[in-house]
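Enquirer: Whatever this is, show me its structure:
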Amino acid sequence: MKTIHLYLTAFIVTLLSLQTHVFAEQSTTNKTAPAIRSITMTNIEYEGTKVWLPGVIVAKKGERVQLKLINKAPSGAHGFAIPAFKVEVVVPKATEETPFTTIEFVASESGLFPFFCHMHAAHVGGQVLILDK
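Expert: Just a heads-up that it's a prediction; the model follows:
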């Protein structure tokens with residue numbers, strides 16, 4: 001029952017955060033450069049389980065995606081990986097000196113791709129949805 005509660009809570013929090021993150025800030029500096037989609041993600045711990053929120057991020061094929069990763073889990077450093085886009089980074093616990101880690105990748109193909117903590121397999125992962133243009 002605790003597992004169902006955790007997944008429902010993570011799902012609700014994800015839905016609420018999608019309102020502000022699904023089609024997050026977009027900007028272009030010139031017509032030939034790909035659009036930049038900036039999304040902030042936060043790693044939290046809920047009842048002993050670590051999870052990155054929002055649990056679903058959405059971008060369009062061809063966009064450059066910039067993720068601002070904030071690790072608020074009290075247990076220290078955690079990983080963030082999206083193998084389909086060759087993303088794998090260790091995110092230190094947020095401090096005043098290092099409040100976040102920024103990574104970028106190009107959404108080169110459409111589809112649904114997993115993201116997860118590559119350091120701790122038991123942590124709850126999420127999905128990256130890349131839409132056709």
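
Enquirer: What strand or helix carries the closest residue to residue 85 other than its chain neighbours?
Expert: Computed as C-beta to C-beta, 6 or more residues apart in numbering, the closest residue to residue 85 that is not its neighbour in sequence is residue 105, at 4.1 Å. In short, each C-beta sits where N, CA and C put it, glycine included. Using DSSP states H and E, residue 105 sits within strand 101-106.

Enquirer: What residues of the next helix-or-strand element following that strand count as buried?
Expert: Using DSSP H and E, the helix or strand that follows strand 101-106 in sequence is strand 111-115. Under the neighbour-count criterion of 16 or more other C-beta atoms under 10 Å, strand 111-115 has 113, 115 buried.

Enquirer: do the same with stretch 123-133
Expert: By neighbour count with 16+ other C-beta under 10 Å, stretch 123-133 contains the buried residues 123-128, 130.

Enquirer: and the residue positioned nearest the centre of the chain, what is it in contact with?
Expert: Nearest to the mean C-alpha position of the chain, counting by C-alpha atoms, centre = their mean, stands residue 41 at 4.8 Å. Counting by C-beta atoms under 8 Å, 6 or more residues apart in numbering, residue 41 touches 52-54, 57, 67-70, 80.

Enquirer: can I get the CA coordinates of the strand holding residue 105 in PDB?
Expert: The C-alpha coordinates for strand 101-106 follow below in PDB (Å, rounded to 0.1, in the frame of the first residue of the first chain):
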ATOM      1  CA  THR A 101      23.800  21.500 -12.100                       C
ATOM      2  CA  THR A 102      23.000  22.300 -15.700                       C
ATOM      3  CA  ILE A 103      23.100  19.900 -18.600                       C
ATOM      4  CA  GLU A 104      22.100  20.200 -22.200                       C
ATOM      5  CA  PHE A 105      21.200  17.800 -25.000                       C
ATOM      6  CA  VAL A 106      19.600  18.000 -28.400                       C
END
